[in-house]
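**Student:** Using only what follows, build the 3D model:
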Amino acid sequence: MRFLVGALLILGCGCTSIELQKTTPREQYQRTRHNVLDGGDASEFTCNILRRRGLFEGHRSDPVGTIEKLEAELRQSRDRSITIAIAELAMLQTERVNNVDERALATAVRYSYAYLFDPQLVPAPDPFDARFRDACDVYNFALAALLRIHPEETRHKKKTWTLEWYAGSTKVRMGADEFSASRDDFEKLRIATDYVVAGLAPPDLRHGLGVPCLLDRPTHQGTSEAAQKAKANSYLPATTSNGATVLMRWPSEASILDEKHATGTIELFDPMETTEVSIGDRRVPLEVDYTTAIAELVEQQPDDGGLSALLHVDDYQKRIGLYMFQPFNPNRVTVVFVHGLASGPETWLPLYNQLLADPTIRTRFQFVFWFYPTGQPALTSARQLREALRDAHHAYGGDAPLSNGPGVIVCGHSLGGILTSALIVDSGDLLWDTLFTAPPQELPVDEKRRELLESTLKFEALPFITRVVYFSAPHRGAPEANTGFMQWASGLIELPRDLLTEDAALRKYVQKDARFQHHTVAQSLMAHNAMMEHLSDLQATTKVPFHSIIGDKDQAGKVGGTDGFVPYWSSHLDGAESELIILSGHSTEHKPEAARETRRILLEHLKQVDAR
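**Tutor:** Down below sits the predicted model:
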């Protein structure tokens with residue numbers, strides 16, 4: 001009996017004590033969802049695989065040796081879960097050697113890809129399994145690391161290079177790109193996740209497979225292919241960064257088990273055009289990043305002027321024009337953004353960034369930004385915009401959205417709304433007669449001066465503009481512009497000489513009390529300015545549908561209030577297809593409510609275009 005009790009005590013000493021320990025849901029989630037990319041160790045899934053095979057001890061100190069043992073078992077069992085364990089161990093190895101072990105990175109890429117797509121492994125991949133997303137993340141992370149080491153390898157279409165991993169190697173060639181520009185045109189490839197964007201909220205976009213990158217290139221390259229696209233590139237800035245997604249993949253029939261030397265491909269995808277690819281019989285979403293490319297492009301350009309462009313008009317004359325982030329596409333509806341007072345195209349970026357989150361808008365529309373120094377007279381800026389759009393219309397002929405069915409939608413904020421309104425009405429003699437007592441041919445000016453005045457004050461609606469959206473537009477002026485401070489500030493504005501039309505010979509032909517109130521923008525925006533009153537009255541004659549987004553600083557939906565600069569009586573226009581009053585100051589274009597309303601308007605417009 002004593003022998004039996006002693007034996008039981010001896011055996012009991014080798015038993016593991018099992019108990020339940022209280023935890024929290026968050027701690028449980030963090031414990032089970034941790035993976036190698038978090039730093040420290042492999043995921044709980046991989047650790048369990050190692051424990052069941054007696055490989056857990058030593059896997060941190062010798063990941064490569066552990067990989068060799070798992071690889072040997074994989075060829076016998078075809079167990080898919082082993083591939084993600086190998087991929088994670090390869091990432092552990094990169095941590096040990098400070099992220100420069102190319103074979104480890106290649107192993108992580110190849111085996112995580114095998115987990116997702118290998119046709120010979122079992123069981124089939126389950127998208128509801130947490131390891132599925134882990135495999136995507138490890139693939140993206142490791143491929144990004146490889147691209148940092150070899151950014152040049154992605155530039156040349158004919159280049160083939162060898163990618164070696166622990167159990168084999170592969171030839172990698174450049175695949176056919178789905179991109180608007182030649183791969184050879186790009187000077188530099190950078191990884192988008194190496195940057196953090198400040199000042200722009202990321203749009204609501206899904207994750208996927210691939211590495212979002214920035215591709216830097218001069219717009220006007222000397223290559224023959226770029227020369228053929230010169231017209232499409234004519235509105236791009238001199239240097240541009242395009243967003244792209246880089247994907248490395250293998251033939252759908254290739255298996256890690258018996259095709260270690262299968263040739264892989266590296267492909268570039270334009271996320272503005274392509275957000276999904278076919279791999280085998282599955283549609284796979286690409287990982288995309290629009291916001292970083294937008295921020296980088298803006299950072300590369302000269303500042304948008306702001307207050308400086310308000311005060312020093314002449315210094316910014318050469319920069320006046322239309323600008324795009326992507327080459328012109330004749331199959332898309334064009335949206336033109338016109339900024340307001342003491343501002344620039346950057347004011348539209350939050351709205352633009354949010355619109356790109358909608359796949360229909362992203363693939364059916366293209367966006368153009370108008371820049372002008374805002375200190376010059378409103379009607380002068382309107383003439384320049386009208387001429388720029390007309391020139392673009394002629395340059396693209398019948399093949400472009402400026403002249404085909406979809407036409408052009410113009411969005412104007414504040415002063416930009418005044419410019420926009422002058423694009424969709426026929427002025428007749430109304431504005432001219434408001435300023436002058438005699439017709440153009442009787443003015444004592446040379447022909448160039450006469451043409452300048454006439455084209456500023458007498459114009460016709462542009463026939464290819466099919467819709468307009470006003471954001472806080474002061475159609476009848478703004479009381480703030482009448483203040484002594486604003487009129488004092490008006491005196492600080494420096495105008496080019498060809499805009500200064502008041503001289504002794506011309507003065508006697510000016511209407512009594514007119515006083516060239518269109519001289520500066522501050523005078524243009526004065527409340528009850530006759531020019532602005534007449535221009536707003538002309539809106540009743542337009543055949544172009546228009547919408548108003550109006551701010552009220554106290555209450556959404558309130559009629560009769562103000563955004564702090566423009567009162568409702570000035571921003572409201574009868575005949576609008578829609579009018580939305582949101583809780584906002586004057587910068588309504590920055591509000592999410594305005595982004596949702598703009599999205600609705602664009603999609604409604606598209607329905608009408610498609611119904612034709």
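
**Student:** what are the pairing partners of the longest strand along the chain, and which direction each?
**Tutor:** The single longest strand within the chain, with elements called by DSSP state E, is strand 239-249. When pairing is defined by DSSP bridges, strand 239-249 lines up against strand 211-218 (antiparallel), strand 264-269 (antiparallel).

**Student:** can I get the CA coordinates of the last one in CSV?
**Tutor:** Going back to what we said before, that points to strand 264-269. The C-alpha atoms that make up strand 264-269 are tabulated as CSV, following Å, rounded to 0.1, in the frame of the first residue of the first chain:
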residue,chain,number,x,y,z
GLY,A,264,7.0,34.8,-61.4
THR,A,265,6.0,38.3,-62.7
ILE,A,266,6.0,41.8,-61.2
GLU,A,267,3.2,44.0,-62.4
LEU,A,268,2.3,47.6,-61.9
PHE,A,269,-1.4,48.5,-61.6
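
**Student:** rewinding a little: quickly compare the strands paired with strand 239-249 and say which is most buried.
**Tutor:** Among these, ranked by average contacts under mean count of other CB atoms under 10 Å, first place goes to strand 211-218 (a mean of 22). In this view, the C-beta of every residue, glycine as well, is placed from N, C-alpha and C.

**Student:** Using CSV, write down the CA coordinates of that strand.
**Tutor:** The C-alpha trace of strand 211-218 is given here as CSV (Å, rounded to 0.1, in the frame of the first residue of the first chain):
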residue,chain,number,x,y,z
VAL,A,211,2.3,47.1,-52.3
PRO,A,212,1.1,50.7,-52.8
CYS,A,213,3.9,52.8,-54.2
LEU,A,214,4.8,56.2,-55.5
LEU,A,215,6.2,56.4,-59.0
ASP,A,216,8.1,59.6,-59.7
ARG,A,217,8.5,60.9,-63.2
PRO,A,218,8.9,64.1,-65.2
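
**Student:** quick one: average confidence on that strand?
**Tutor:** In this model, strand 211-218 carries a mean pLDDT of 86.

**Student:** Now find how far off-centre that strand is within its chain.
**Tutor:** 13 Å (CA atoms, centre = their mean, to the nearest Å).

**Student:** contact partners of it?
**Tutor:** The contact list for strand 211-218, computed with CB atoms under 8 Å, 6 or more residues apart in numbering, reads 140, 143-144, 147, 181, 185-193, 238-247, 268, 271, 287-289, 292-293, 296.

**Student:** Of the residues you listed, which count as buried by neighbour count?
**Tutor:** 140, 143-144, 147, 181, 185-186, 189-192, 240-247, 268, 271, 287-289, 292-293, 296 (16 or more other CB atoms under 10 Å).

**Student:** so what are the domain limits for the chain?
**Tutor:** Here the domain parsing of the chain from automatic domain parsing is 32-143, 150-292, 302-611.

**Student:** and the end-to-end length of the second one?
**Tutor:** Yep, that's domain 150-292 we're talking about. Length of domain 150-292, first residue to last, CA to CA, to the nearest Å: 21 Å.

**Student:** Let me know the next secondary structure element after the helix or strand where Gln93 lies.
**Tutor:** Applying DSSP states H and E as the criterion places Gln93 in helix 80-96. Downstream of helix 80-96, the next assigned helix or strand under DSSP H and E is helix 102-117.

**Student:** what about that next one, distance to the chain center?
**Tutor:** 30 Å.

**Student:** repeat for stretch 364-379
**Tutor:** 19 Å.

**Student:** quick one on the thing from earlier: is it possible to get TSV of the strands paired with strand 239-249 that adds distance to Leu573?
**Tutor:** Listed next are the strands paired with strand 239-249 as TSV, based on distance: least, CB to CB, whole Å:
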stretch	distance to Leu573
strand 211-218	42
strand 264-269	43
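
**Student:** Mind checking those for the one nearest to Tyr372?
**Tutor:** strand 211-218 (25.0 Å; CB to CB).

**Student:** mind listing the strands for the stretch 401-550 of the chain?
**Tutor:** Counting by DSSP state E, counting those that start in this stretch, the stretch 401-550 of the chain has strands at residues 408-413, 465-471, 546-552.

**Student:** still on that earlier bit, any chance of CSV for the domains of the chain, columns distance to Arg26?
**Tutor:** CSV is the format used below for the domains of the chain (distance: least, CB to CB, whole Å):
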stretch, distance to Arg26
domain 32-143, 10
domain 150-292, 22
domain 302-611, 29
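
**Student:** Out of those domains, name the one with the poorest average pLDDT.
**Tutor:** Averaging pLDDT over each of the domains of the chain puts domain 150-292 lowest, since it has a mean of 79.

**Student:** nearest residue to Pro251 other than its sequence neighbours?
**Tutor:** The spatially closest residue to Pro251, leaving aside those adjacent along the chain, is Ala262, at 6.1 Å (CB to CB, 6 or more residues apart in numbering).

**Student:** what about the one you found, neighbour count?
**Tutor:** Per other CB atoms under 10 Å, the neighbour tally for Ala262 reads 16.

**Student:** Please, which helix or strand holds the residue nearest to Glu44 when sequence neighbours are not counted?
**Tutor:** In this structure, Glu44 finds its nearest non-sequential neighbour in Thr32, 5.4 Å apart by CB to CB, 6+ apart. Assigned by DSSP H and E, Thr32 belongs to helix 25-33.

**Student:** Determine how far that helix lies from the middle of the whole chain.
**Tutor:** The answer for helix 25-33 is 35 Å, by CA atoms, centre = their mean.

**Student:** buried sites along whichever helix or strand comes after it?
**Tutor:** Using DSSP H and E, the helix or strand that follows helix 25-33 towards the C-terminus is helix 44-52. Neighbour-count burial for helix 44-52, counted by 16+ other CB under 10 Å, picks out Phe45, Thr46, Cys47, Ile49, Leu50.
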